[in-house]
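[1] Have a look; sequence and predicted model below, questions after that.
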Protein chains: 2
Amino acid sequence: MLTISRKADYAARIILHLAMQPFGATITAREVAAERLIPPSLARRLFSLLARAGLLKSCQGKGGGFSLARPPAEISLLDVVEAIEGPVVLNRCTIEPEECPLMPHCPVHEQWVAARHVLREYLGQVHFQQLAQRGRELNPAETCGDEGG
Amino acid sequence: MLTISRKADYAARIILHLAMQPFGATITAREVAAERLIPPSLARRLFSLLARAGLLKSCQGKGGGFSLARPPAEISLLDVVEAIEGPVVLNRCTIEPEECPLMPHCPVHEQWVAARHVLREYLGQVHFQQLAQRGRELNPAETCGDEGG
DNA sequence: TATAATGATACCAAATTGGTATCATTTAAA
DNA sequence: TTTAAATGATACCAATTTGGTATCATTATA
């Protein structure tokens, strides 16, 4: 199956959760892990990765946690996936054409490059402001009661 | 990295090679492996898989080999990739939404479904008649001399 | 009957994946 | 000053996947 890893999916849940808070809010890895059903140890590592990738800001120490490094409108699904998964390439030859023994006369290469472009364009245009807004539409209950689990 | 496997890339080379022969031509796995730089044992397995997937016809016995099961215009890059790689899903939730604990209130799911559709549409529209034609344009030398390596 | 091809499958080492745990550091608060 | 609670970094692990090889059975031709 051509699919992102489970880690990348977890990362999208994490960013979505942050994007649904008031901008600037700080939240701990533990809390998000519990609310979004992510194994806590793994969530810890993913938060760190997302911070190193520049998508999150971290505050150490008691009362610390993470917050978005940019407004949700400036974080795309592509950003999140590539932060965890590495580049979306579709076929290795799109980023390392010199390693393919069939280049430069391979007609399939051109199509992989084009398909990669199509996919990255799409994922790059999906941002988390839009996703958070849609999340509120899909789950209105969360806005009118105790959210604690 | 989000990428197809090397096997799927090999499979595309195989189908391209067949598509560049006169339609109906039979060729052995050994020959294609040598010409397209695919490890021979692996090529054997890939040919079998492609035949089982309905993309190739096989003839057993001395003088046997493989030929395309359909005209190259009716074989897409998507067909070949999915024959080897399994379905192009992008995220597991696009084919197994019931296994995601965040459904049916997940706004990211909808975008994965849409992105998957965009990618599959693109790859489904690239067919091997076009690729073979482009291959001839890119490598005119092969048509005017001894092709043996 | 020998040869040359595929069908099916078992096998293997290496890499990746999904997940846990630990120790060090930082910060806030008792 | 000490404790608690958070992140930073990293080591570790089992299970799966990947890339590749090899083998035996079957089929068909000469």
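    Done, it's in.
[2] Does A:Arg116 touch A:Val88 like I think?
    Yes: here A:Arg116 reaches A:Val88: they are 6.8 Å apart, a contact under Cβ atoms under 8 Å. (Glycine included, C-beta is placed from N, CA and C.)
[3] Relative to DNA strand C, how far out is A:Arg116?
    The gap separating A:Arg116 from DNA strand C is 17 Å, by Cβ to the nearest atom of the strand, to the nearest Å.
[4] quick one: contacts for that residue?
    A:Val88, A:Val89, A:Leu90, A:Asn91, A:Thr94 (Cβ atoms under 8 Å, 6 or more residues apart in numbering or on different chains).
[5] What are the phi and psi values at the nearest residue to A:Cys106 once chain neighbours are set aside?
    Among residues not flanking A:Cys106 along the chain, A:Cys100 sits closest, at 6.6 Å (Cβ to Cβ, 6 or more residues apart in numbering or on different chains). Dihedral pair for A:Cys100: phi -90, psi 120, per degrees, to the nearest 10.
[6] What's the local residue count around the residue nearest to A:Pro87 when sequence neighbours are not counted?
    Residue nearest to A:Pro87 in three dimensions, not counting chain neighbours: B:Met1, with 5.9 Å by Cβ to Cβ, 6+ apart. Using other Cβ atoms under 10 Å in any protein chain shown, B:Met1 is surrounded by 12 other residues.
[7] In terms of pLDDT, where does B:Met1 sit?
    Here, the pLDDT recorded for B:Met1 equals 97.
[8] what does A:Glu142 give?
    So A:Glu142 comes in at 49 (pLDDT).
[9] Kindly report the same for A:Met103.
    pLDDT, the model's per-residue confidence, is 89 for A:Met103.
[10] The longest helix along chain A near DNA strand D at all?
    The longest helix of chain A (DSSP state H) is helix A:107-125. No: Helix A:107-125 does not reach DNA strand D (Cβ under 7 Å from any atom of the strand); its nearest approach is 14.9 Å.
[11] Taking helix B:107-125 as reference, get the angle to that helix.
    Using axes from the mean of the first three to the mean of the last three Cα atoms, to 10 degrees, the inter-axis angle of helix A:107-125 relative to helix B:107-125 is 160 degrees.
[12] And the strands in chain A, which stretches?
    Assigned by DSSP state E, the strands in chain A fall at A:2-3, A:56-59, A:65-68, A:88-90.
[13] could those go into a markdown table alongside mean neighbour count?
    Putting these into a markdown table (neighbours: other Cβ atoms under 10 Å in any protein chain shown) gives the following:
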| stretch | mean neighbour count |
| --- | --- |
| strand A:2-3 | 21 |
| strand A:56-59 | 16 |
| strand A:65-68 | 20 |
| strand A:88-90 | 22 |
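[14] so which of the ones you listed gets nearest DNA strand C?
    For DNA strand C, the closest of those is strand A:56-59, at 6.6 Å, according to Cβ to the nearest atom of the strand.
[15] which residue does chain A bring closest to DNA strand C?
    For chain A and DNA strand C, the shortest gap (Cβ to the nearest atom of the strand) falls at A:Gly61, measuring 2.2 Å.
[16] Check what pLDDT that residue gets.
    Looking at A:Gly61, its pLDDT reads 97.
[17] Might one say that A:Ile95 is in contact with A:Pro87?
    Yes: under the criterion of Cβ under 8 Å, A:Ile95 is in contact with A:Pro87, at a separation of 6.4 Å.
[18] So for stretch A:38-53, what gets flagged as buried?
    A:Ile38, A:Ala43, A:Leu46, A:Phe47, A:Leu50, A:Ala51 (16 or more other Cβ atoms under 10 Å in any protein chain shown).
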